[in-house]
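What shape does this take:
(one chain, ligands or ions: 1)
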Amino acid sequence: MKNKKILAANWKLNKSPKQAAEFFNLFLTSKKDLVSTANPSEKHFEFLFFPSAFCLEQTQKALNGSDIGYGPQNIYSQLSGAFTGENSIAVAAELGSTHVLVGHSERRQLFAETDNLLSEKLKLVLKSNLKCVFCIGETLEQRQGQKTEEILKQQIQEALKTIIADPELYKALKNQNEKIIFAYEPVWAIGTGLVATAQQVQSAHNYLYELLSSYGLAESPLLYGGSVKAENAKELSQIPHVDGFLVGGASLESKSFLAIAQAML
Ligand code: PGA
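Residues are numbered from 1 along each chain as shown. Below you'll find the predicted structure:
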């Protein structure tokens, strides 16, 4: 792995099924040009989409037969039961999902998701056939208090604890390089137009790479997220241990999302 870049789109609470269908129509047509102007025999990108749960069925229809992955932006830590308003990974799988997004800072901050809950969710992912993109990142206050590394370490430690406590699951995780894709998203850079500098990204990704290596997860992809767009994608994608991006705002239009891919070629 790591010979390709992962470009993941987080649509958040945007797009209806109809709008998703329109997006994919355009995206699939325009994406062909992107590949043919580069080296067609080489796979440069793995595209992933995280639409709202109501759009999953439409996404399945649109992406059927393609090599593009997708899945929900959140799942609950249980498969079924009396959990009003939650979404099940089993249902996501039935709708053809390949991945789920877990631990996005908006889930942590706006919906009070704790490290404990996220750890339970990761355990469920490990027991499923799906992969996940797991988000970590510090707030502005934590960065200003020189706590970035401490926070990243704590988030990873807490996230992995229920898996590590189960030797079979931990072994399974270490044997599957892309089972968990980690996404470093400094909270202060999400949706704000503030991008972390190349130096800040490099330092965080180096740290995370070393940390993940200490867990036997050196091969896990490490994405950056936070106000990524075509203008900054090239520089950021060349930083060691940046294996791709998780993109919010700029993924909503096919043109701006593909412009990121183009900038990375
Ligand atoms: P942004 O969002 O690209 O709009 O900053 C990224 C994210 O929330 O994953």
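
Just say helix, strand or coil for I75.
State at I75, reduced to three classes by DSSP: H, G, I helix; E, B strand; the rest coil: coil.

list the contacts for whichever residue of the stretch 101-250 of the chain sits closest to the ligand?
The minimum distance from the stretch 101-250 of the chain to the ligand, using CB to the nearest ligand atom, falls at G248 (2.3 Å). C-beta here means a position set from N, CA and C on the backbone, and glycine is covered the same way. Residues in contact with G248 (CB atoms under 8 Å, 6 or more residues apart in numbering) are 10-12, 190-191, 225.

just D243 next, same as before
By CB under 8 Å, 6+ apart, the contact set of D243 is 2, 5-6, 181, 221-223.

Kindly write the ChimeraX command that selects the buried subset of those residues.
Buried residues among the contacts of D243 (16 or more other CB atoms under 10 Å), as a ChimeraX selection:
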select :5,6,181,221,222,223
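
Please list the members of the contacts of D243 that lie in strands.
5-6, 181, 222-223 (DSSP state E).

Spell out which parts of this structure neighbour the ligand.
10, 185, 190-191, 225-228, 246-250 (CB under 6 Å from any ligand atom).

ok, of those residues, which come out buried?
Among the residues of the chain next to the ligand, the ones that count as buried by 16+ other CB under 10 Å are 10, 185, 190, 225-228, 246-250.

Least confident of these?
On pLDDT alone, I190 ranks lowest of these, at 89.

Any figure for the gap between the closest residue to that residue other than its chain neighbours and G193?
Counting by CB to CB, 6 or more residues apart in numbering, I190 lies nearest to G226, which is 5.0 Å off, once chain neighbours are set aside. According to CB to CB, to the nearest Å, G226 and G193 sit 10 Å apart.

Kindly report the same for K229.
Distance, K229 to G193, using CB to CB: 9 Å.

Those two: which has the busier surroundings?
Neighbours were counted for K229 and for G193 using other CB atoms under 10 Å; K229 has more, 18 against 9.

Show the contacting residues for that one.
247, 249-250, 256, 259-260.

which residues in this protein form strands?
So, for the chain - with DSSP E - the strands run 5-10, 45-50, 69-70, 99-102, 131-136, 180-184, 222-225, 244-247.

Quick check: which of these is buried the most?
Ranked by mean neighbour count, these are led by strand 244-247 with a mean of 27 (mean count of other CB atoms under 10 Å).

now for that strand, which elements pack on it?
Contact analysis of strand 244-247 by 3 or more CB pairs under 8 Å, 6 or more residues apart in numbering; DSSP states H and E lists strand 5-10, strand 222-225, helix 230-237, helix 254-264 as its packing neighbours.
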